[in-house]
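**Q** predicted model and sequence follow; I will ask about them next.
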Amino acid sequence: MKSLSELAAIREQMKDKVAIRTGSGDIRVVVGMATCGISAGARPVLNTFVEEVAAANLTEKVMVTQTGCIGICQYEPVVEIFEDGKEKTTYVKMTPEKVKRVVEEHLKGGKPVSEYLIGNTKL
Amino acid sequence: MVRSHVLICGGTGCTSSGSTALREALAKELEANNLSEEIKIVQTGCFGLCALGPIMIVYPEGTFYSRVATDDIPEIVSEHLLKGRIVDRLVYNKTADVEADSHELHASLSDTDFYKKQKRVALRNCGVINPEKIDEYIAMDGYFALAKVLTEMSREDVVQTLLDSGLRGRGGAGFPTGLKWKFAMGSEGKKYVCCNADEGDPGAFMDRSVLEGDPHAVLEAMAIAGYAIGADQGYIYVRAEYPIAVNRLEIALQQAREYGLLGENILDTGFNFDIQLRLGAGAFVCGEETALMTSIEGKRGEPRPRPPFPAVKGLFERPTILNNVETYANIPQIILNGPAWFASMGTEKSKGTKVFALGGKITNTGLVEVPMGTTLREIVEEIGGGIPNGKKFKAAQTGGPSGGCIPASLIDTPIDYDNLLEIGSMMGSGGLIVMDEDTCMVDLAKFFLEFTVDESCGKCAPCRIGTVRMLEILNRISEGNGEMEDLDKLEELANYIKSASLCGLGQTAPNPVLSTLRYFRDEYEAHIKEKRCPAGVCKKLLSYNIDSDKCKGCTLCARVCPANAISGTVKNPHVIDPEKCLKCGACIEKCKFGAIYKK
């Protein structure tokens, strides 16, 4: 038999899982997942974003999704972050490790990680 | 870690258009692409757009795919789920923004004409959660209304909340739900809570969708009712013809019992409540409350006179409340959000929303939920997408065989209980059948009357004999043998049957005839005086002819005629023998020159 507090615990735990269907997605994290992106390692990047966003309890605010090739294949994996009322941020040559910092500092802290930005990356 | 949810409708509509095979194919394809860990398939209840099934929604993007076939699955997986490129050709065209070149600009589902004006209360979880997982219902605040009632509210509070909300029974008559509960609360001793899921109106399927898409909402509301009136046993009377609904209810009951949300000492409050299913065999009369309870008792489903009303003497001769599925589905929301929230929607005397099953000559066949007071025009033209093939709206039938029609002249009537009664129809359970200019109103009245003649239980004479006499008159009229005095006879009989029948079935059976007579008397008169069916439906009054100027003598019609009624030689005009003609219309469909016409 469940008590009221157990019921509340199930609700909390499940809310995150269904938030993907109801979340507002004020912030959209878009990972380039075309052939070029995938071969450069975009899939672990995408999956790390999903995991880290959930771990940071941001599922209701942040939507993690993919897109096709945006034409800068040499910079893949490319991640773009869209926020209401702000300019788009483009991160390039992403790795799962870099993702952790972006979630922590950009999505949570509100400050883009400047050294990963396209303008600051040399090939 | 799951990054995407693919929702596939598992309601009856989409199941019959192949959603089960789709789900299996998707699971296999995800497995093959090593995506099973990242992408979760969720079987849901009905989204409402049944005409476009099978329906699939991909989150987090909210991409709405319609009419998906198993052959489309590899493309969806490799393009969308893997690479994030939305498969444009499968996107429901109302959500696809043709102007935009970016995939990100697909409009969300809630912005389409179909959903924009809808307000989902009873259907809030349908198409959102997996109905076979109690945890998903709990995530949507499920069972918290029951918890609130048990821990914070007295029985009187619960009944008062319902009274204040203005909720009226969604099964047809619109009796205030709180009042029903109040009567039952005042009685002593053993009591019962029943749920009427014997949805019998032709074309109505909103209760089925709630049971299939959100069964726990009904269980929760019934437990709330049990607490309010002091009952520890509930029964759901559901049609055996709803196998998916029955299956999901059984799963839901089992899960609720495992969690201790049904059974003894619920949430450690000392409250006991459990529910049993009873399967009906599909008799229409068993949707009538006294017949339904007689059937639950294991007897032949026949009504009995009221009073005594069920709240005084119902199931097993004990005080009983009986509410409809959709009524129950509203109740947890009223408890959680408060009566003022519910009463803020709707019209002065009809609060909240109503689910309609849109059917007939309409583009978006399916389920819609709108605030009470929405006009028929908004439902038909905006949400329903209008009449297909450029035809004109003629009328809409609400309330099924107990209701009546709303003619085009009244299309701006705000729909609520009282307005519908005033114009000679009724809310009924919410079937809304749209008719265009090709529908014959005499034929329509005949259709519904044939239904009630079949379904009359035979217990009382006015219904058993009277409806058959009415049907005989209608048959005469549609065959061209009617006389003007038949119309008076129809009205006279109808009024006798309405006032003298034992139960709701007989008391409302004449409504389709009365309302078509009221608004379309000229069509009846055309059948009688001119022996003509203006809509070209009543076969006995039609004759098929060939225009000899247009006929090229291709012989196609003669070859497709199943009765060999068409004769003629090659390159010469053909003729139809009216004696042999079956009026099946096969020749009209085949003629390339438009030379065949009916009149």
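**A** Here it is on my side, so go on. Residues are numbered from 1 along each chain as shown, chains lettered A, B, ... in the order given.

**Q** and for the closest residue to chain A within chain B, the neighbour number?
**A** As assessed by C-beta to the nearest C-beta, chain A sits closest to residue B:84 within chain B, at 2.7 Å. C-beta here means a position set from N, CA and C on the backbone, and glycine is covered the same way. Summarising burial for residue B:84: neighbours were counted as other C-beta atoms under 10 Å in any protein chain shown, giving 23.

**Q** where does chain A get nearest to chain B, residue-wise?
**A** For chain A, C-beta to the nearest C-beta, closest residue to chain B: residue A:66, 2.7 Å.

**Q** name every strand pairing with the helix or strand harbouring that residue and say which way it goes.
**A** According to DSSP states H and E, residue A:66 maps onto strand A:62-67. Counting by DSSP bridges, the strands paired with strand A:62-67 are strand A:27-32 (parallel).

**Q** what's the next secondary structure element after the partner strand?
**A** helix A:35-39.

**Q** with just CA atoms, put that next one into PDB.
**A** Listed next in PDB are the C-alpha coordinates belonging to helix A:35-39 (Å, rounded to 0.1, in the frame of the first residue of the first chain):
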ATOM      1  CA  THR A  35      25.900  12.100 -41.500                       C
ATOM      2  CA  CYS A  36      28.800  14.500 -41.000                       C
ATOM      3  CA  GLY A  37      27.700  15.200 -37.400                       C
ATOM      4  CA  ILE A  38      27.200  11.600 -36.500                       C
ATOM      5  CA  SER A  39      30.600  10.500 -37.900                       C
END
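
**Q** could you point out the helix or strand that follows that helix?
**A** The C-terminal neighbour of helix A:35-39 among helices and strands, as given by DSSP H and E, is helix A:42-55.

**Q** which other helices and strands contact that following helix?
**A** strand A:27-32, strand A:62-67, helix A:96-101 (3 or more C-beta pairs under 8 Å, 6 or more residues apart in numbering or on different chains; DSSP states H and E).

**Q** list the buried residues of the longest helix along chain A.
**A** Assignment by DSSP state H gives helix A:4-22 as the longest helix of chain A. By 16 or more other C-beta atoms under 10 Å in any protein chain shown, the buried positions in helix A:4-22 come out as A:4, A:7, A:10, A:11, A:14, A:15, A:16, A:17, A:18, A:19, A:20, A:21.

**Q** tabulate the residues you listed (TSV), appending distance to residue B:490 and pLDDT.
**A** Converted to TSV, those look like this (distance: C-beta to C-beta, whole Å; pLDDT from 0 to 100):
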residue	distance to residue B:490	pLDDT
A:4	60	89
A:7	58	92
A:10	59	92
A:11	58	91
A:14	58	88
A:15	59	82
A:16	63	75
A:17	60	79
A:18	55	82
A:19	59	78
A:20	58	77
A:21	53	79
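
**Q** nearest to residue A:101, out of these: which one, please.
**A** residue A:16 (22.1 Å; C-beta to C-beta).

**Q** what kind of secondary structure is the nearest residue to that closest one once chain neighbours are set aside in?
**A** Leaving out its chain neighbours, the residue that sits closest to residue A:16 by C-beta to C-beta, 6 or more residues apart in numbering or on different chains is residue A:59, at 5.1 Å. Put simply, residue A:59 is coil when judged by DSSP: H, G, I helix; E, B strand; the rest coil.

**Q** the closest residue to residue B:51 other than its chain neighbours: neighbouring residues, count only.
**A** Closest residue to residue B:51 apart from its sequence neighbours, by C-beta to C-beta, 6+ apart: residue B:365 at 3.9 Å. Neighbourhood size, residue B:365 [other C-beta under 10 Å]: 21.

**Q** what do you get for the one 3 residues further on?
**A** Neighbourhood size, residue B:368 [other C-beta under 10 Å]: 27.

**Q** that one against residue B:118, yeah?
**A** Yes - between residue B:368 and residue B:118 there is a contact at 5.6 Å, judged by C-beta atoms under 8 Å.

**Q** around chain A, which positions in chain B sit nearby?
**A** Counting by C-beta under 8 Å from any C-beta of the partner chain, the residues of chain B close to chain A are B:1-5, B:7, B:38, B:59-61, B:82-85, B:103-104, B:128-129, B:135-136, B:138-141, B:143-144, B:147, B:151, B:259-261, B:263, B:265, B:267-268.

**Q** spatially nearest residue to the spatially most central residue of chain B (excluding sequence neighbours)?
**A** The centroid of chain B falls nearest to residue B:204 when counting by C-alpha atoms, centre = their mean (2.4 Å). Distance criterion C-beta to C-beta, 6+ apart; nearest residue to residue B:204, sequence neighbours excluded, is residue B:431 at 3.5 Å.

**Q** run a quick neighbour tally on that neighbour.
**A** As a measure of burial, residue B:431 has 25 neighbours, counting by other C-beta under 10 Å.

**Q** tell me what it is bridged to.
**A** Under DSSP bridges, the beta-bridge partners of residue B:431 are residue B:357.

**Q** now do the contacts for it.
**A** The contact partners of residue B:431, taken as C-beta atoms under 8 Å, 6 or more residues apart in numbering or on different chains, are B:201, B:202, B:203, B:204, B:356, B:357, B:359, B:397, B:398, B:399, B:400, B:403.

**Q** what about 10 Å?
**A** Residue B:431 sits next to B:199, B:201-206, B:356-360, B:397-403 when contact means C-beta atoms under 10 Å, 6 or more residues apart in numbering or on different chains.

**Q** element containing residue B:332?
**A** helix B:325-337.

**Q** could you dump that helix to PDB, C-alpha only?
**A** This file holds the C-alpha atoms of helix B:325-337, laid out as PDB (Å, rounded to 0.1, in the frame of the first residue of the first chain):
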ATOM      1  CA  VAL B 325     -17.800   8.200 -17.900                       C
ATOM      2  CA  GLU B 326     -17.200  11.700 -19.100                       C
ATOM      3  CA  THR B 327     -18.900  13.100 -16.000                       C
ATOM      4  CA  TYR B 328     -16.500  11.200 -13.800                       C
ATOM      5  CA  ALA B 329     -13.500  12.200 -16.000                       C
ATOM      6  CA  ASN B 330     -14.200  15.900 -15.000                       C
ATOM      7  CA  ILE B 331     -14.400  15.300 -11.300                       C
ATOM      8  CA  PRO B 332     -10.700  14.900 -10.200                       C
ATOM      9  CA  GLN B 333      -9.900  18.200 -12.100                       C
ATOM     10  CA  ILE B 334     -12.800  20.000 -10.300                       C
ATOM     11  CA  ILE B 335     -11.500  18.800  -6.900                       C
ATOM     12  CA  LEU B 336      -7.900  19.900  -7.700                       C
ATOM     13  CA  ASN B 337      -8.600  23.200  -9.400                       C
END
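
**Q** if anything else comes up later, I'll come back, but that's it for now.
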